[in-house]
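# Structure for this input, please:
(chains A, B and C)
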Amino acid sequence: MYTQGLDQKTKTSDKPGPLEGPEQLAEFQARVDAEEKIEAKDWMPEAYRRTLVRQISQHAHSEIIGMQPEGNWLTRAPSLKRKAILLAKVQDEAGHGLYLYSAGETLGVSRDQMVADLLAGRAKYSSIFNYPTLTWADIGAIGWLVDGAAIMNQIPLCRCSYGPYARAMVRICKEESFHQRQGFEIMLELSKGTDAQKEMAQDAFNRWWWPSLMMFGPGDKDSKHSAQSMAWKIKRFSNDELRQKFVDVTVPQAQFLGLRVPDDDLHYNDETGHYDFGEIDWQEFLDVLAGNGPCNRQRMAQRTRAHEDGQWVRDAARAYAARQRAKAA
Amino acid sequence: MSDALLRYVLRLGDTALVTAQRMIERVAGEPELEEELANANFALDYIGQARMLYTYAGELDGNGADEDHFAFRRDAQQFRNLLIAEQPNGHFGDAIVRQFLFESFYVLLLNALAQCSDARLAEIAVRAEKEVRYHLRYAMQWLVRLGDGTEESHARVQASLDEFWRYTGEFFTGDDVDAHLRREYAGPDLTAIAEEWRKNVAAVLAEATLTAPADVHMVDGGRAGRHSEHFGFLVAEMQHLQRSYPGASW
Amino acid sequence: MTDEEWPLYEVFIRARSGLSHRHAGSVHAADDEMALNHARDTYTRRMEGVSIWVVRSDKIVASDPAETSAFFEPAEDKVYRHPTFYEIPEGVENL
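The predicted structure follows:
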């Protein structure tokens, strides 16, 4: 899940590579326009490849970093059933990170390289995971809102022009179908519970609502890579289109749960048939993206520590395998 | 001893749950992504076992206690897990050694329980045994890789072995509950299991170029509810919500 | 130690007996046994399989997309290999 920030800028330029004649580019575009899938070893413009590497690796990093805020409540889950469900979900995130790294690897960049880029701060992940999970209701809110927003983003990606990415997304969407439901179920249980539980649910909703809207990325007029990504059929809908769709489906769900949407400007527009909503605090979005969210440093520190602590283990397995191969030879 | 079966089932459930809880603490800290999936699979198996065992315990108890009652509404001293399960995590090598030592025993125990005369317990054991047989394959392979890997990994994992070995004596000591189960339900023969465990463990340690520590003082007490200091924190953390909001449904 | 990642393996799963193995994805692993474990733990969590193959990705020999026309297009005009090429008069059965 969690595909926001998919078209965030990086420092690499998107200039065409040296061998890309206009004919070759036109032929490529014709294949894409005809809805043909591009496969790993097919010729592709260098900028297409770079866009995909950036997007797929950001997507993978988001899955891996996303394990942390939810993992935070694994040891404290309030029942054995909830514990098992949450663990299965967090495990799926590890799996989805893995599928996505694999898709990225087909583009000629190693998983090690992608991880190194993350740890060095060269690659981004979804800003949503830099918010803390303070109560159990946050686990419900993440499943319901964050996974809900992610699904909006991800379903169109199943039709992405790049075959390995599209196939990974099909698998991910299939597996994730329970993620949002389990989150909604947690919220539902809280909304039927004691006053303290209802308060917990409203508080979590207040904190996660706006960051969830930010997950769709900057507004269309400020989105850097959107037009090209749409032409290449990496992206099928604009950020604002997806955000509107998310608001339209989520508001009635909040009403069902008896929750108040923390937006005084929110109202149903009879003319458009959509909900109008208030201005997003883009400064907050940029701050979190720049590394100044509540948990940025903590998330990166934990990922770095796990990676470094595991070095001797990875080395040992390689050394053992090398010795076994030598013996067999 | 009318409640021997109940007490026995609870012990198994407690060890499964505490094992899972320690595994869960390691989530997002594994040395490689694929190991995250493995660790979560193992923890899910143990949560599943704890749920089956606690549900059965509730039936034996007959007072309407459900699985969550046993997990979340008993004090630390009422838990009867093996002490090895509750020890803090340490590094990956510690986790592998703990898993290897315990599961080498547990798989034999489950095999024996699958033959016992209590149909429900036997049925649970059959299911759990399949899960644990796979875990053990994984743990054994990793132990060999680490033992026979680099100098550093060998030294680390030998130290883990020296540390965790002291908790293996408890597997086989047995008490009146074990004796009752053996007598009344054709339960496990701990002496025979001990012998097979030693043989199996020695073979794997040899392949891993590791040495079983000699003359270690064995620590005992899990069966009597005498836990390590760490255990109170594990239980407090696990039970936090159920204790803070009594009677709430989640 | 050189700073090299564990090699990549491709994973093929047989969903149930009677079907052929199908590509499921890939995993990294230091050795073959580990690759099998990783494939099991990653790709069969939802009862997706009854049998797994793993093979080192660098052992797979693949056709070159640049050769696609030479490899595959010559089959296009061999329509007589397909039963629909043949006209069978009405009334003739069991053919």
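# any weak-confidence spans in chain A?
Where chain A drops to pLDDT under 70, the residues are A:1-18.
# Chain C contacts on that one?
Counting by Cβ under 8 Å from any Cβ of the partner chain, chain A comes close to chain C at A:39, A:41-43, A:91, A:95, A:98-99, A:102, A:105, A:110-112, A:168, A:171, A:175, A:314-315, A:317-321, A:324. Yep, even glycine has a C-beta here, placed from its N, CA and C like the rest.
# Show me what counts as buried in the longest helix along chain A.
Determined from DSSP state H, the single longest helix within chain A is helix A:163-191. By 16 or more other Cβ atoms under 10 Å in any protein chain shown, the buried positions in helix A:163-191 come out as A:163-173, A:175-176, A:179-191.
# try stretch B:228-244
B:231, B:234-235, B:238-242.
# likewise stretch B:132-146?
B:132, B:134-146.
# would you list those in a markdown table and tack on distance to chain C?
Formatted as a markdown table, these follow (distance: Cβ to the nearest Cβ, whole Å):
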| residue | distance to chain C |
| --- | --- |
| B:Val132 | 15 |
| B:Tyr134 | 8 |
| B:His135 | 10 |
| B:Leu136 | 12 |
| B:Arg137 | 7 |
| B:Tyr138 | 5 |
| B:Ala139 | 11 |
| B:Met140 | 10 |
| B:Gln141 | 6 |
| B:Trp142 | 8 |
| B:Leu143 | 13 |
| B:Val144 | 10 |
| B:Arg145 | 7 |
| B:Leu146 | 11 |
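# out of these, who's near chain A?
When contact is defined as Cβ under 8 Å from any Cβ, the buried residues of stretch B:132-146 meet chain A at B:144-146.
# Of all the residues in the stretch 1-150 of chain A, which one is nearest chain C?
A:Asp112 (4.3 Å; Cβ to the nearest Cβ).
# Alpha carbons only: can I get the helix or strand where that residue lies in CSV?
Using DSSP states H and E, A:Asp112 maps to helix A:111-119. This file holds the C-alpha atoms of helix A:111-119, laid out as CSV (Å, rounded to 0.1, in the frame of the first residue of the first chain):
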residue,chain,number,x,y,z
ARG,A,111,17.8,-4.2,-3.7
ASP,A,112,20.9,-3.3,-1.8
GLN,A,113,21.2,-0.2,-3.8
MET,A,114,17.6,0.8,-3.2
VAL,A,115,18.0,0.1,0.6
ALA,A,116,21.2,2.1,0.6
ASP,A,117,19.4,5.0,-1.1
LEU,A,118,16.7,4.9,1.6
LEU,A,119,19.2,4.8,4.5
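# Mind listing what's buried along that helix?
Quick answer for helix A:111-119 (16+ other Cβ under 10 Å): A:111-115, A:117-118.
# quick one on the thing from earlier: out of the ones next to chain A among the buried residues of stretch B:132-146, which is nearest to A:Ser238?
B:Arg145 (49.1 Å; Cβ to Cβ).
# what's the closest non-adjacent residue to that closest one?
The shortest distance from B:Arg145 to any non-neighbouring residue, by Cβ to Cβ, 6 or more residues apart in numbering or on different chains, is to A:Tyr320 (4.4 Å).
# if I read this right, the residue of the stretch 1-150 of chain A closest to chain C contacts C:Glu5, doesn't it?
Yes: with contacts counted by Cβ atoms under 8 Å, A:Asp112 reaches C:Glu5, the gap being 4.3 Å.
# Next, the contact list for the residue in chain C positioned nearest to chain A, please.
Nearest residue of chain C to chain A (Cβ to the nearest Cβ) works out as C:Ala30 at 3.6 Å. When contacts are counted by Cβ atoms under 8 Å, 6 or more residues apart in numbering or on different chains, C:Ala30 touches A:314, A:317-318, A:320-321, B:145, C:6-7.
# which stretch of helix or strand covers the spatially closest residue to it that is not a sequence neighbour?
Once flanking residues are discounted, C:Ala30 sits nearest to A:Ala317: 3.6 Å by Cβ to Cβ, 6+ apart. Per DSSP H and E, A:Ala317 falls inside helix A:311-328.
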